[in-house]
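# Sequence and predicted structure, then a few things I'm wondering about:
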Amino acid sequence: MRTNDDIEHVAAITEQLGFAHLDDLPCLRLQFGQATAVIALYGAQVLSYQPRNNQEILWLSPLATWHNQTPIRGGVPICWPWFGAISPILNPEQLALPNHGLVRTQLWQLKSKHCSAEGVSVTLETTIAYQPWFSKTPNTATKITLQLQLTLAQQLQINLRCNDAIVQQAALHSYFKVDDISQTQVQPLPLTYIDTTCAQVVTSKANTATFCTEVDRIYQHSEPMLKIQNSNLSVGIEQIGHDATVIWNPWRERSAKMTDLTEQSYKEFICVETAKLALDTAAPLNLTQHITLL
Ligand SMILES: O=P(O)(O)OC[C@H]1O[C@H](O)[C@H](O)[C@@H](O)[C@@H]1O
């Protein structure tokens, strides 16, 4: 018979075909003690983090799909090498390019995996063709490599790395599950933010974001430690290597218009995105988000 001690020390990484309704999606399942995480090879997208049995921290849309080059709606999408609509600085010819970069719809390769008494971790890798705007100086590279390391221990650690010194943006676009968006708070945030819904800089009196309408905000120079307070649980988010945090909830009307959200979906999640958005220098990327159930 298994004792509690045995359960505490289960550390395993297994291949898994399918997650939730995405029944043909190739995934890896990480287990460390009672904690589990699932990551899809498509997009290197974390889909689930349960620090203990049946306590899900991330949100996945019931209408998410991964066919026909569709990014999966939910979990932790990886935005790279640009965020949102590509800047004209990066795309002077105004080519039609996807929102949030190129790697959400790629199948990544498993590079390494590691299990120990301290935690379990996997590293996934993808490459994209070298683009002329990546560098401010002549460069002979033909491809650029991006790595995502996912570590499950007492918390979930997501680390995105590109060792090439290139002009790049990135975001760990995490969808957090909430019981009721109208009872959710995110704090502490800078008092001034860019409101993307109206392209204006706004100054607020409170360092807390609450939700009663569509929210799409860029908080530059945000604190390394944030907290999501929900009616029945609190989640800590630690950010490293970022220059901004993006907070997004589409609210009812936009939710209804999006093919992979239901009209009610907006009530169930808040996106708190650890981002590196500055485009002024060509530099390596090392962006981290740690997620902890408080
Ligand atoms: O629909 P997607 O490409 O996944 O983007 C979803 C959302 O991502 C971010 O949070 C942006 O700030 C939003 O403006 C965008 O609507």
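Alright, I've got the coordinates. Everything numeric in this text was worked out from a predicted model, so none of it was measured.
# mind checking which helix or strand residue 271 is in?
strand 269-276 (DSSP states H and E).
# I'd like the distance from that strand to the chain centre, please.
Distance, stretch centre to chain centre, for strand 269-276: 7 Å (CA atoms, centre = their mean, to the nearest Å).
# Stretch 69-89 too?
Here the centre of stretch 69-89 is set off from its chain's centre by 10 Å, with CA atoms, centre = their mean.
# The chain: helices as residue ranges?
Here the chain has its helices, by DSSP state H, at 4-8, 251-257.
# what mean pLDDT would you report for the shortest one?
Computed over helix 4-8, the mean pLDDT rounds to 51.
# The last one now?
For helix 251-257, the mean pLDDT works out to 96.
# Name the residues of it that are buried.
251, 255 (16 or more other CB atoms under 10 Å). All C-beta spots, glycine's among them, are computed from the backbone N, C-alpha and C.
# Tell me the helices and strands packed up against that helix.
Contact partners of helix 251-257 among helices and strands, from 3 or more CB pairs under 8 Å, 6 or more residues apart in numbering; DSSP states H and E: none.
# Contacts for it, please.
211, 213-215, 261-266 (CB atoms under 8 Å, 6 or more residues apart in numbering).
# what about it, distance to the chain center?
Centre to centre, stretch against its chain (CA atoms, centre = their mean), the figure for helix 251-257 is 21 Å.
# bridging residues for residue 246?
Beta bridges link residue 246 to residue 218, residue 273, judged by DSSP bridges.
# Could you measure from it over to residue 207?
According to CB to CB, to the nearest Å, residue 246 and residue 207 sit 16 Å apart.
# which of the two has more neighbours?
residue 246 (25 against 13; other CB atoms under 10 Å).
# Please name the residues that touch that one.
Residue 246 sits next to 83, 171, 173, 216-219, 271-273, 275 when contact means CB under 8 Å, 6+ apart.
# burial count for residue 125?
With neighbours defined by other CB under 10 Å, the count for residue 125 comes to 16.
# how about it, what does it touch?
108-109, 111, 145-148.
# pLDDT for those residues - can I get that in JSON lines?
JSON lines is the format used below for the contacts of residue 125 (pLDDT from 0 to 100):
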{"residue": "108", "pLDDT": "98"}
{"residue": "109", "pLDDT": "98"}
{"residue": "111", "pLDDT": "98"}
{"residue": "145", "pLDDT": "96"}
{"residue": "146", "pLDDT": "98"}
{"residue": "147", "pLDDT": "98"}
{"residue": "148", "pLDDT": "98"}
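# ok, back up a step: tell me which other helices or strands the strand holding residue 271 touches.
Using 3+ CB pairs under 8 Å, 6+ apart, strand 269-276 sits against strand 170-177, strand 225-229, strand 234-240, strand 244-249, strand 283-293.
# returning to that earlier point: sitting in strands, which of the contacts of residue 125 do you find?
Among the contacts of residue 125, the ones falling in strands (DSSP state E) are 109, 111, 145-148.
# among those, which ones are buried?
Judged by 16+ other CB under 10 Å, buried ones among the ones in strands among the contacts of residue 125: 146-148.
# how about those in CSV, adding distance to residue 294?
Shown next, in CSV, are those (distance: CB to CB, whole Å):
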residue, distance to residue 294
146, 30
147, 29
148, 25
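# now, which of these sits nearest residue 66?
Using CB to CB, residue 148 is the member of those that sits closest to residue 66, with 16.7 Å.
# Give me the distance between residue 55 and the ligand.
Using CB to the nearest ligand atom, to the nearest Å, residue 55 is found at 25 Å from the ligand.
# which residues sit in contact with that residue?
233, 293.
# Per-residue confidence, it, what does it come out as?
Predicted confidence (pLDDT) for residue 55: 94.
# Could you do the one 10 residues further on as well?
At residue 65, the model reports a pLDDT of 98.
# can you check the one 5 residues further on too?
For residue 70, the pLDDT comes out at 97.
# who are the neighbours in contact with whichever residue of the stretch 101-250 of the chain sits closest to the ligand?
Residue of the stretch 101-250 of the chain nearest the ligand, by CB to the nearest ligand atom: residue 248 (3.3 Å). By CB under 8 Å, 6+ apart, the residues touching residue 248 are 215-217, 270-271, 273.
# Nice, that's everything, thank you.
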